[in-house]
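[1] for reference, the sequence and a predicted model appear below.
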Number of protein chains: 2
Amino acid sequence: MQRTRFADMTCSIARTWDVIGEPWSPLILRNIYIGVTRFEQLHESLGISRKVLTERLKWLLDYGVLERRAYSERPPRHEYTLTPKGTELCDLLLAMVRWGDRWTAGEAGPPVLYRHHACGRISHIEPHCSECGEPMHATDVDVLPGPGSEPEVQ
Amino acid sequence: MQRTRFADMTCSIARTWDVIGEPWSPLILRNIYIGVTRFEQLHESLGISRKVLTERLKWLLDYGVLERRAYSERPPRHEYTLTPKGTELCDLLLAMVRWGDRWTAGEAGPPVLYRHHACGRISHIEPHCSECGEPMHATDVDVLPGPGSEPEVQ
DNA sequence: CCTCGAAAGTTTCGTTAGGGAACTCAATAG
DNA sequence: CTATTGAGTTCCCTAACGAAACTTTCGAGG
């Protein structure tokens, strides 16, 4: 049998996972986000194998998370950039950074800092409620079936 | 050679990935979060193989994301619950839900809704700046080296 | 007492996918 | 006309997945 396909599950976590859940995908996105946009650069900076890098880039292109642009015609040279869909994925990366900084950084402190353009201060992401604007964590919500839930599975 | 170890990288994304990056891990966390806490239940509800489920649970226990408790001594029966470290990971799951709802749910709409205890409304997570409280997306920040960055690599 | 059944795994085995290195191809630089 | 760089392919080996069968511990039923 094949590896299980997450794309077909009725679950936004699984479907998001289907896009960026394979090894290396988030790191590729992160590097493209910070300006490492070319195949050779990605290969070198990450230490990822060329084969897997090729596969992941194709996958992310197919899903509309990345775009491939020629930045030179002769010789043919390309770079990969984020689409709007991909740019929003970077918010997810910042949520990962937040957890990693808190729980895995240890004594040394966070390896990377983020400065908010608007206020100029070093900060991190805090999840807030889209409706009332107050902080909202996983412990602050009730989980209810939505319109896209399975008709009647159990 | 082995699969590449993300734990040793100087990057909070990679280190977070090391904890929940293997296939199934986020879905296991999600199910424990919503109250599916036993081995047999997890196996059945996810369709994950028992072998992989065993491995993932051990991994998450080792990392302090889950706890294993006996809820019955005779016969010996266990359940898995979230530690504070694991509970904070669920905020990350909600960020995944947000992206998945926006970009993969399609016509049917989101499969699951979340109601904020504080305001009682159906809502989703919005990333805000921890310092000024305003919305903050990946496009709204500058990236700077932090205290835990590599001494002088490149 | 003997069997059944459920919870919680462990073991075995075949298939697939990741990692590394070597190879390809196109085009400019020297 | 050889070297070099960007951007991938191809090949091989090993590690990890999936399925199913097996194990162990206990309580319930006949």
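    It's in. Numbers count the residues shown, from 1 in each chain, chains lettered A, B, ... in the order given.

[2] which other helices and strands contact the helix or strand bottoming out on mean pLDDT in chain A?
    Evaluated with mean pLDDT, DSSP states H and E, the helix-and-strand set of chain A has its lowest mean pLDDT in strand A:66-72, which scores a mean of 87. On a contact count with 3 or more C-beta pairs under 8 Å, 6 or more residues apart in numbering or on different chains; DSSP states H and E, strand A:66-72 meets helix A:50-62, strand A:77-82. Placement of C-beta: from N, CA and C, glycine included.

[3] any idea which of those gets closest to DNA strand C?
    helix A:50-62 (4.0 Å; C-beta to the nearest atom of the strand).

[4] using PDB, write out every CA atom in that closest one.
    This file holds the C-alpha atoms of helix A:50-62, laid out as PDB (Å, rounded to 0.1, in the frame of the first residue of the first chain):
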ATOM      1  CA  ARG A  50      19.100  17.700  -4.900                       C
ATOM      2  CA  LYS A  51      16.600  15.000  -5.600                       C
ATOM      3  CA  VAL A  52      14.400  15.800  -2.700                       C
ATOM      4  CA  LEU A  53      14.700  19.500  -3.300                       C
ATOM      5  CA  THR A  54      13.500  19.000  -6.900                       C
ATOM      6  CA  GLU A  55      10.500  17.000  -5.700                       C
ATOM      7  CA  ARG A  56       9.500  19.500  -3.000                       C
ATOM      8  CA  LEU A  57       9.700  22.500  -5.300                       C
ATOM      9  CA  LYS A  58       7.600  20.800  -7.800                       C
ATOM     10  CA  TRP A  59       5.100  19.900  -5.100                       C
ATOM     11  CA  LEU A  60       4.900  23.400  -3.800                       C
ATOM     12  CA  LEU A  61       4.600  24.800  -7.300                       C
ATOM     13  CA  ASP A  62       1.700  22.400  -8.100                       C
END
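
[5] low pLDDT regions in chain A?
    A:1-2, A:73-74, A:151-154 (pLDDT under 70).

[6] pull up the gap between the most centrally placed residue in it and residue A:17, please.
    By C-alpha atoms, centre = their mean, the mean C-alpha position of chain A lies nearest to residue A:89, the distance being 4.2 Å. Plainly put, residue A:89 is 12 Å away from residue A:17 if you go by C-beta to C-beta, to the nearest Å.

[7] kindly report the same for residue A:140.
    23 Å.

[8] residue A:81 now?
    When residue A:81 is compared with residue A:17 (using C-beta to C-beta), they lie 23 Å apart.
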